[in-house]
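>>> after the sequence you'll find the predicted model.
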Amino acid sequence: MGSTFFGLTSEHKIEIHKVLFALVYYSNGGFTHNEVYNMPIYLRAFYVKQLEEAKREEAEAVKSAAKKGNTSKR
């Protein structure tokens, strides 16, 4: 592990970049890497929470539609 006197550990940096990647990738073009990288942490956390909620709702809608589709075939 590198010096942690100033800055973050390597593990923290990896976790931060995972969040950056998730916001850029799963927002479907809603954010660029530079926008997310330079975004204040409180806003980044807000958008991560909003994206998680939106993806959860999408998954529930797909699941619900699949259930309706299966019952109509009987």
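Cool, the structure landed.
>>> how near is Lys63 to Phe21?
Distance of Lys63 to Phe21, given as C-beta to C-beta, to the nearest Å: 26 Å. Yep, even glycine has a C-beta here, placed from its N, CA and C like the rest.
>>> wait, isn't Val36 in contact with Ala22?
No: counting by C-beta atoms under 8 Å, Val36 does not reach Ala22; the two are 9.3 Å apart.
>>> the two - which one has more neighbours?
When Val36 and Ala22 are compared on other C-beta atoms under 10 Å, the one with more neighbours turns out to be Val36, at 20 against 15.
>>> let me see the contact set for that one.
Counting by C-beta atoms under 8 Å, 6 or more residues apart in numbering, Val36 makes contact with 20, 23-24, 44, 47.
>>> do the same with His33
Taking C-beta under 8 Å, 6+ apart as the contact definition, His33 lies against 20, 24.
>>> mind checking pLDDT for it?
Note for His33: predicted pLDDT of 95.
>>> next one: Leu43
Looking at Leu43, its pLDDT reads 96.
>>> try Glu52
Per-residue confidence (pLDDT) for Glu52: 94.
>>> count of residues packed around Arg44?
What Arg44 shows, counting by other C-beta under 10 Å, is a neighbour count of 19.
>>> I figured it hits Leu23, correct?
Yes: at 7.0 Å, Arg44 counts as touching Leu23 under the criterion of C-beta under 8 Å.
>>> so what does the lengthiest helix in the chain touch, helix or strand wise?
Determined from DSSP state H, the single longest helix within the chain is helix 41-72. The contact analysis (3 or more C-beta pairs under 8 Å, 6 or more residues apart in numbering; DSSP states H and E) places helix 41-72 against helix 10-26.
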